[in-house]
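no sequence for this one, just the structure:
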C-alpha cells in the first residue's frame, strides 16, 4: 500500500493533519525533532529522504516543514533558505525519482503587496523579505524538479497549536485593556484545519499536475486590526484594539501591505467551497 509522508509534523498544519488522519496506517509523520509518534527526518538530507521513501513505500509527500519566523529570517538568512528552499528541492527530486507526488506549502510573502486586488497564481513574484525570497526559491526548486504535485500558497495561518496571531491576541487581550494592531496590512486569515482538510481532499486528485500553483485561504479580507477586534469580540474579551500604522510598529522584515490572493483557480479546478474567515475563527476559538 502506497503511503503519504508528512513533514513538519509538529507545526500548525502538520498537527492538524495528524489529528485528521489519526489511526490511519497509510500516513507517516516526520519532523526534525522526533517523539514516540513522529519519526525523525531532515528534509535537507538526500540519503535520509530516499531511504524513507523506499522503506515506507511512499506515494505522496506533503511538505509542511518550514522556517516561519519572518523577523528572525533577516538575520538567519542561510538557515531560512536551507529549510525553505534547499529542503523542498531535495524532497521534489526524491519524489521524481520514486514517482511520488508532492504537495508543497508556500506563502503570500512571495508577493510585494503592491497589488490592491487579489493576486493570481500567475502574477509576478517580488518578495520583500528574506523569508519571502526563501519561499520563492522553494517554489522554483519544486517546479524545476519536474515532479508531480501541487504548490499551495496560503496566508495568515492560525490554529490552536504553536505560535500564531490568534493565540497572541487572546493572551494580550486577557492581560491588557488595550492593544495596538496594524491596520494598513490587509489579507485573508487561514484556519489550519481548513487547509489540512483541503490537502487531504486534493491528494487523490493530483493526477498529472506538475508543480501546479494554487492559492488557498478562508474567504474574505480584513486588516490585522479587524482580525484582532473580531478575535476579542468572539472570545468575550473587553480589550480595545487600537488601529496603528506599519510605521508605528517597525519590524526587521518588510511585510506586504496587500496580500490577498484570488482562490478562483482552486475553486474552479477542484469545486471547493471556501468558508468565511469569521466562521472558521469561531470554530478555532471553541477548541482553545
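Cool, got the structure. Only a predicted model underlies this, so the values are computations on that prediction, with no experimental measurement involved.

okay, CA-based contacts and neighbour counts for the rest of this
OK.

and the most far-flung residue of the chain relative to its centre, how far from residue 169?
Relative to the centre of the chain, and counting by Cα atoms, centre = their mean, the farthest-placed residue is residue 177 at 31.3 Å. According to Cα to Cα, to the nearest Å, residue 177 stands 12 Å off from residue 169.

repeat for residue 186
For residue 186 relative to residue 169 (Cα to Cα), the value is 17 Å.

go on, residue 118?
Distance of residue 118 to residue 169, computed by Cα to Cα: 26 Å.

higher neighbour count, those two?
Per other Cα atoms under 10 Å, whichever of residue 118 and residue 169 has more neighbours is residue 169, with 21 against 17.

who touches the more buried one in this structure?
228, 231-232 (Cα atoms under 8 Å, 6 or more residues apart in numbering).

now swap in residue 285 and tell me
Here residue 285 is in contact with 160, 234-235 (Cα under 8 Å, 6+ apart).

mind listing the helices for this structure?
Assigned by DSSP state H, the chain shows helices spanning 12-20, 46-55, 77-81, 87-97, 130-145, 165-175, 192-202, 224-235, 264-270, 277-287.

out of these, which is closest to residue 36?
helix 12-20 (13.4 Å; Cα to Cα).

and the angle from the closest one to helix 192-202?
Taking axes from the mean of the first three to the mean of the last three Cα atoms, to 10 degrees, one finds helix 12-20 and helix 192-202 inclined to each other by 70 degrees.

give the buried residues for helix 12-20.
Buried residues in helix 12-20, defined by neighbour count with 16 or more other Cα atoms under 10 Å: 12-18.

now tabulate the residues you listed in a markdown table and tack on pLDDT.
Putting the buried residues of helix 12-20 into a markdown table (pLDDT from 0 to 100) gives the following:
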| residue | pLDDT |
| --- | --- |
| 12 | 98 |
| 13 | 98 |
| 14 | 98 |
| 15 | 98 |
| 16 | 98 |
| 17 | 98 |
| 18 | 98 |
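
got the residues you listed as a markdown table, with distance to residue 24 columns?
Listed next are those as a markdown table, based on distance: Cα to Cα, whole Å:
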| residue | distance to residue 24 |
| --- | --- |
| 12 | 19 |
| 13 | 17 |
| 14 | 15 |
| 15 | 14 |
| 16 | 14 |
| 17 | 11 |
| 18 | 9 |
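
let me know the closest of these to residue 271.
Closest to residue 271, out of all of the buried residues of helix 12-20 and judged by Cα to Cα, is residue 17, at 21.1 Å.

mind listing what the closest one touches?
9, 193, 196-197.

just the buried residues of those residues.
Buried residues within the contacts of residue 17, counting neighbours by 16+ other Cα under 10 Å: 9, 193, 196.

pLDDT added to those, as CSV?
Converted to CSV, the buried ones among the contacts of residue 17 look like this (pLDDT from 0 to 100):
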residue, pLDDT
9, 97
193, 98
196, 98
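
and which of these is nearest residue 284?
Among the buried ones among the contacts of residue 17, and counting by Cα to Cα, the member closest to residue 284 is residue 193, at 8.6 Å.

return the distance of the closest residue to that closest one other than its chain neighbours relative to residue 211.
Distances taken as Cα to Cα, 6 or more residues apart in numbering put residue 16 closest to residue 193, at 5.5 Å, once the chain neighbours are dropped. Per Cα to Cα, residue 16 is found 24 Å from residue 211.

again, but for residue 54
22 Å.
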